[in-house]
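Visitor: Take a look and give me a structure for this.
(2 chains)
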Number of protein chains: 2
Amino acid sequence: MNVLLVYAHPESTSLNGSLKDFTVQRLQAAGHSVQVSDLYAMNWKPTLDADDAPQRDPSQPFHASLDSKRAYADGTQAADIAREQEKLQWADALILQFPLWWFTMPAILKGWVDRVYAYGFAYSVGEHSDSRWGERYGEGKMKGKRAMLMVTTGGWESHYSPRGINGPMDDLLFPIQHGILYYPGFEVVPPFVVYRTSRMDETRYAETSDELGTRLDELWSARPIGFRQQNAGEYEIPALTLKEDVAPDSEGFAAHIR
Amino acid sequence: MNVLLVYAHPESTSLNGSLKDFTVQRLQAAGHSVQVSDLYAMNWKPTLDADDAPQRDPSQPFHASLDSKRAYADGTQAADIAREQEKLQWADALILQFPLWWFTMPAILKGWVDRVYAYGFAYSVGEHSDSRWGERYGEGKMKGKRAMLMVTTGGWESHYSPRGINGPMDDLLFPIQHGILYYPGFEVVPPFVVYRTSRMDETRYAETSDELGTRLDELWSARPIGFRQQNAGEYEIPALTLKEDVAPDSEGFAAHIR
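Guide: Next up is the predicted model:
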């Protein structure tokens, strides 16, 4: 299988750097092909702007989504965007690896999403009608592929527990797992999370990499998070609210998981 | 009063650009002083990296938080970071204005947070002991100041409702309102959100700017979101979980709001 690892950490000698190297070796040893988009090493441009559609009419106002639409359709996107889209199409699985900064991904990785997720590629794909609202949330160009997050944080696991002050990790990651990965069609397996990174020693690193290795071995067999498909009958269209008889007593993020 | 508006939209002739101009005029007409950090116009650098601590020892591995700590303490941070910190200290209120891209802020604004929120300035402030876990979540250098989000989205309000497919807007904004604004001490007033931006005409714009004007007039008097203070007795320390008798049947983001 083909795996794309998008990696967003500034220091190769860090814990994240070691886990990235471990991941590449483990996957390759199992016979998979791996490409790494090392965003810091690539000096990835995070800011979505008019330069991303270099052949647009500069006399017109820049429109983030419509200029993205035209550039994607015409094959005139910035070359770095097109290259990442090709890697995504090549991949059978995507891993996003990052330290949790302010409860979400670092800017450089957010800018990979903002720019690579073009109109017509990751959103506004497919028919909008009374029975379908585009190919998204379980459909889309990434359908049939898998994705997993690898996240590190200095905070303690209890701080991210159901009653922990930062909010539950699963809820903090929901906008990424559901809104960025499941949205264009990825099946998302549970995240691999390392807490309290400042207390890492050799023993704990050995345990951590062992666990990660198992998770990588199970990337193709693990049960994905049971997000509900948008167009499979559980949502009103176009309101996109859950139908009354679906999880009738539930609301919030959890209601969208079977 | 002094207001800092941090604005993250690439096109000045957009709806966001109009709402930004309206905001500045409304606040100034009421006698307030306003500074705008127009991140696109400033060509803001989003990526936190070793260049942010220009006098660090380049023979040592870069460490995002420890290098930030030293540069902040020594007054050797990159000049653009120090300038934004000065604006925050000048401000009585902060407004973050942005289009919702992939269910959170654009990369350029996330990079403002990642870089300006230095160690010793926005985090790792104050004593860590058995009774206090730093000055955060209701304490910190921004204590006594107010903050508000101004957010636009192409999606419908129902898509962001309690049972809407994207998740409730309040939950999507929780990591920003609680984890980025309340964390260093801001009192956060409810967000101003504009849905379905592609359907904006003159009549609706007049209504929208009227509502925004009222919200700006009430910035100092509106009731803040009732986030629970970390060190006021409701959390176990250092586990930072809610004590058993606090909202005993509640978990998730909502449990942290009185």
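Visitor: For A:Ala107, which non-adjacent residue is spatially closest?
Guide: Spatially, and ignoring its direct neighbours in sequence, A:Ala107 is nearest to B:Gly111 (3.3 Å; Cβ to Cβ, 6 or more residues apart in numbering or on different chains). (Glycine included, C-beta is placed from N, CA and C.)
Visitor: just A:Ala8 next, same as before
Guide: What sits nearest to A:Ala8 in space, not counting adjacent residues and going by Cβ to Cβ, 6+ apart, is A:Leu109, at 3.9 Å.
Visitor: Can you confirm whether the host helix or strand of A:Ile176 lies near chain B?
Guide: With secondary structure defined by DSSP states H and E, A:Ile176 is part of helix A:169-176. Yes - using Cβ under 8 Å from any Cβ of the partner chain, we find that helix A:169-176 touches chain B at A:171-172, A:174-175.
Visitor: After that helix, heading C-terminal, what element do we hit next?
Guide: Sequence order places strand A:187-188 as the next helix or strand after helix A:169-176, per DSSP H and E.
Visitor: Just give the strands next to the next helix or strand after that following strand in its sheet, each with its orientation.
Guide: Per DSSP H and E, the first helix or strand lying C-terminal to strand A:187-188 is strand A:192-194. If you go by DSSP bridges, strand A:192-194 pairs up with strand A:146-152 (parallel).
Visitor: Dump the C-alpha coordinates for the partner strand into PDB.
Guide: C-alpha atoms of strand A:146-152 as PDB (Å, rounded to 0.1, in the frame of the first residue of the first chain):
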ATOM      1  CA  ARG A 146      -7.700   5.600   5.200                       C
ATOM      2  CA  ALA A 147      -6.400   8.400   7.500                       C
ATOM      3  CA  MET A 148      -4.900   8.600  11.000                       C
ATOM      4  CA  LEU A 149      -3.700  11.400  13.200                       C
ATOM      5  CA  MET A 150      -0.400  11.200  15.100                       C
ATOM      6  CA  VAL A 151      -0.500  13.900  17.800                       C
ATOM      7  CA  THR A 152       1.900  14.900  20.600                       C
END
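Visitor: mean confidence for it?
Guide: Averaged over strand A:146-152, pLDDT sits at 98.
Visitor: how far is it from where the chain is centred?
Guide: 7 Å (Cα atoms, centre = their mean, to the nearest Å).
Visitor: Give me the angle between it and helix A:169-176.
Guide: Angle of strand A:146-152 versus helix A:169-176, following axes from the mean of the first three to the mean of the last three Cα atoms, to 10 degrees, is 130 degrees.
Visitor: give the contact list for the residue nearest to A:Ala8.
Guide: Shown in contact with A:Leu109 (Cβ atoms under 8 Å, 6 or more residues apart in numbering or on different chains): A:6, A:8, A:39, A:96, A:98.
Visitor: The second one contacts A:Ile95, correct?
Guide: To tie it back to what came earlier, the one meant is A:Ala8. No - assessed by Cβ atoms under 8 Å, A:Ala8 is found out of contact with A:Ile95, at 11.4 Å.
Visitor: Tell me the secondary structure at the residue nearest to A:Ala8.
Guide: Using DSSP: H, G, I helix; E, B strand; the rest coil, the three-state assignment for A:Leu109 comes out as helix.
Visitor: What does the pLDDT read for it?
Guide: Looking at A:Leu109, its pLDDT reads 98.
Visitor: What residues does the stretch 151-258 of chain A have near chain B?
Guide: Residues of the stretch 151-258 of chain A lying near chain B (Cβ under 8 Å from any Cβ): A:154, A:156, A:158-159, A:161-168, A:171-172, A:174-175, A:178-180, A:230, A:235, A:238-242, A:250-256.
Visitor: if we go to 7 Å?
Guide: Applying Cβ under 7 Å from any Cβ of the partner chain, we find that the stretch 151-258 of chain A lies next to chain B at A:158-159, A:161-168, A:171-172, A:174-175, A:179-180, A:230, A:235, A:239-242, A:251-253, A:255-256.
Visitor: Let me see the ranges of the helices in the stretch 51-200 of chain A.
Guide: Assigned by DSSP state H, counting those that start in this stretch, the stretch 51-200 of chain A shows helices spanning A:64-74, A:79-90, A:107-116, A:169-176.
Visitor: Would you tell me which of those gets closest to B:Met200?
Guide: B:Met200 lies closest, by Cβ to Cβ, to one member of the helices of the stretch 51-200 of chain A: helix A:64-74, at 14.4 Å.
Visitor: distance between the ends of stretch A:98-111?
Guide: Terminal residues of stretch A:98-111 are spaced 13 Å apart (Cα to Cα, to the nearest Å).
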